[in-house]
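> Quick one: sequence plus predicted model below, questions after.
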Amino acid sequence: MLTAEENERLTRVGPGTPVGKLFRHYWQPIAPMQQLRERRVMPIRLYGQDMVLFLDGKGRMGLVDDRCAHRLVKLDCARTNDAGIRCPYHGWTFDTTGQCVDQPAEPAGSTFKDRVQIGAYHVQELAGLIFAYIGPDPVPLLPHWDRLVWDDVYRVIAYAIVPCNWLQCMENTPDAIHTIYLHGEFFQTWLGEQGIPKSDPRWALASGFQKPIIKHEYGMHKYGLHRGWLIEGQSETANTWTSSSPLVFPNTHVTSGSGRHDFGWRVPIDDTHTMQVVLRSFQPGNGVKVPKQDVVPYYEMPVRDEAGNFLSLDTVNGQDFMAWTMQGEIMDRTKERLGDSDRGVIAYRQLIRDQIERVEAGMTPINVFRDPAENVQIDLPTVLDRGHAWGYAADGSYIRGSVTAADRLPEDVANEIEDLYVEAARRKNMLVEV
Ligand code: FES
Ligand SMILES: [Fe+2]
């Protein structure tokens, strides 16, 4: 349980707030690159601040304040040209640094435009995602977490706009126990209600989650919070116990199945909206070459329809969206009742408090990288969180559909990925035909 003041301190992300200042030390994913290529101009809201992301006619990316400096038209409706983003009202144009470079109705030779700028922020592309940094100088390096720079994986980006505060989304990650009930028991109930046949791979996924967790511990990890889980039938030599898949501070989680890896962010849009971004990396192995991707495909995971029905309950992410939004817009932690099984949530809150205090003391929080040598590739453990719930079975066999069963990927993307796994399994004679 928290006091109302503590709850505010840990949840609010606007400028000048404790956690808002902490977040402004980190790069965050704001959009899939391919989505920007298609749209050219996109409104972006990060930590409650409104901006506009654009791609100019020469392929340069810009992230600038959302309003034109002239008479404050929101630039969401603007178009781009070779020079930058051009306001539709009177044609003022701003380049990727926010400098005004054209005022077509001003007299020839006017130097007015040279004295007009709008705020501009740092953006970089990596692994098919656009990352933004809107915090203080000096700008840190965009972290090269291993999942972002591996070159032998097939990547897909999934995102969702979840209408609740970021912290309740993140508190899901150091909460091992919810996986048994939400992704195991509830998932199976839902599959039964829908009359889904038992041959559907989602049943295997759900029953994998229902295996009891007999021990779970949390502690500091170099990059965040260590999560040690022991599932029934495993010994303390299991890598879920010894190696951990850490919560990467401040807002990233790592999940692995057999032959696939998810790296996910809960990005604070504002105090009551969070963008869940998941970079899914598929790694079929067995010598199967993954095709080079010029474009990383992306898709949106729907959360609710207008009537309030949850739309993605057949996916692990969608089950989480239901739980988080049903906690309220900003969960009222003055009313919660935490038990022994909530140790991970308590440890994570303490880690946030510790890092807020570092920032308040003028120090740099963890996971701010400035040394390029350290940032070539930052390796994270790869742990099968729930045994073989995703992808290959424990004996290495494969049934078509298993690795993408929980994701609701676009059909053509899922088929391309499944073909790779089927080919990999065939090479080892491990394909199970059903
Ligand atoms: S309001 Fe944008 S150019 Fe006039
Ligand atoms: Fe979950």
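Looks like it came in fine. Ligands and ions are numbered 1, 2, ... in the order given.
> Touching stretch 397-417 from outside, list them.
Contacting residues not belonging to stretch 397-417 are listed as 154, 156, 158, 200-202, 204-205, 257, 259-260, 280, 282, 291, 297, 299, 301, 312, 314-317, 390-393, 418, 421-422, 424-425, 430-432, 434 [C-beta atoms under 8 Å, 6 or more residues apart in numbering]. From N, CA and C alone the C-beta is placed, and that goes for glycine too.
> Also stretch 164-171?
Outside stretch 164-171, the residues touching it (C-beta under 8 Å, 6+ apart) are 10-11, 13, 162, 247, 250-251, 253, 266-268, 271-274, 276, 320, 324-325, 327-331, 345, 348-349.
> Please enumerate the strands of the stretch 51-200 of the chain.
For the stretch 51-200 of the chain, strands defined by DSSP state E, counting those that start in this stretch occupy the ranges 61-65, 79-80, 85-86, 93-94, 100-102, 120-126, 129-133, 154-162.
> Would you reformat those strands as TSV and include mean neighbour count and distance to residue 53?
As requested, the strands of the stretch 51-200 of the chain are arranged in TSV below (neighbours: other C-beta atoms under 10 Å; distance: least, C-beta to C-beta, whole Å):
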stretch	mean neighbour count	distance to residue 53
strand 61-65	21	5
strand 79-80	16	11
strand 85-86	25	10
strand 93-94	26	13
strand 100-102	17	18
strand 120-126	17	7
strand 129-133	22	7
strand 154-162	22	14
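> Same list (these) but as TSV, adding distance to residue 307 and mean pLDDT.
Putting these into TSV (distance: least, C-beta to C-beta, whole Å; pLDDT from 0 to 100) gives the following:
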stretch	distance to residue 307	mean pLDDT
strand 61-65	35	98
strand 79-80	36	98
strand 85-86	37	98
strand 93-94	41	98
strand 100-102	46	98
strand 120-126	37	98
strand 129-133	32	98
strand 154-162	17	98
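> Need the ones you listed in JSON lines (columns: distance to residue 367).
Formatted as JSON lines, the strands of the stretch 51-200 of the chain follow (distance: least, C-beta to C-beta, whole Å):
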{"stretch": "strand 61-65", "distance to residue 367": "21"}
{"stretch": "strand 79-80", "distance to residue 367": "33"}
{"stretch": "strand 85-86", "distance to residue 367": "32"}
{"stretch": "strand 93-94", "distance to residue 367": "32"}
{"stretch": "strand 100-102", "distance to residue 367": "36"}
{"stretch": "strand 120-126", "distance to residue 367": "15"}
{"stretch": "strand 129-133", "distance to residue 367": "13"}
{"stretch": "strand 154-162", "distance to residue 367": "21"}
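> domain ranges for the chain?
The domain map for the chain lists 27-133, 146-389, with the assignment taken from automatic domain parsing.
> picking up where we left off before, helices - which of the contacts of stretch 164-171 land there?
Using DSSP state H, the members of the contacts of stretch 164-171 that fall within helices are 10, 11, 320, 324, 325, 345, 348, 349.
> Adding pLDDT, write the residues you listed out as TSV.
Formatted as TSV, the entries for the ones in helices among the contacts of stretch 164-171 read as follows, by pLDDT from 0 to 100:
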residue	pLDDT
10	98
11	98
320	97
324	98
325	98
345	97
348	97
349	98
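> Among those residues, which ones lie close to ligand 1?
For ligand 1, no contacts are drawn from the ones in helices among the contacts of stretch 164-171 by C-beta under 6 Å from any ligand atom.
> Can I get the strand or helix carrying residue 22 in PDB, CA atoms only?
With the criterion set as DSSP states H and E, the secondary-structure element containing residue 22 is helix 18-23. Below are the C-alpha coordinates for helix 18-23, written out as PDB (Å, rounded to 0.1, in the frame of the first residue of the first chain):
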ATOM      1  CA  PRO A  18       9.900  13.000 -10.000                       C
ATOM      2  CA  VAL A  19       9.300  10.000 -12.300                       C
ATOM      3  CA  GLY A  20       8.900  12.300 -15.300                       C
ATOM      4  CA  LYS A  21      12.400  13.700 -14.700                       C
ATOM      5  CA  LEU A  22      13.700  10.100 -14.300                       C
ATOM      6  CA  PHE A  23      12.100   9.000 -17.600                       C
END
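> any idea of the mean pLDDT in it?
The average of the pLDDT scores along helix 18-23 is 98.
> ok, back up a step: nearest to residue 359, of the ones in helices among the contacts of stretch 164-171?
Distance from residue 359 was checked for each of the ones in helices among the contacts of stretch 164-171 by C-beta to C-beta. The minimum falls on residue 10, at 13.4 Å.
> looking at it, the closest one is touching residue 349, isn't it?
Yes - Residue 10 sits in contact with residue 349 when judged by C-beta atoms under 8 Å, with a separation of 6.3 Å.
> Looking only at neighbour counts, state which of the two leads.
Between residue 10 and residue 349, counting by other C-beta atoms under 10 Å, residue 10 is the more crowded of the two (22 against 19).
> For burial, what's the neighbour tally of the nearest residue to residue 110 once chain neighbours are set aside?
The shortest distance from residue 110 to any residue that is not its chain neighbour, by C-beta to C-beta, 6 or more residues apart in numbering, is 6.9 Å, and that residue is residue 103. When neighbours are defined as other C-beta under 10 Å, residue 103 has 19 of them.
> Next: residue 226.
Other residues lying near residue 226 total 20 when counted by other C-beta under 10 Å.
> Isn't it up against residue 244?
Yes - in this structure, residue 226 sits in contact with residue 244. The criterion is C-beta under 8 Å, and the distance is 4.4 Å.
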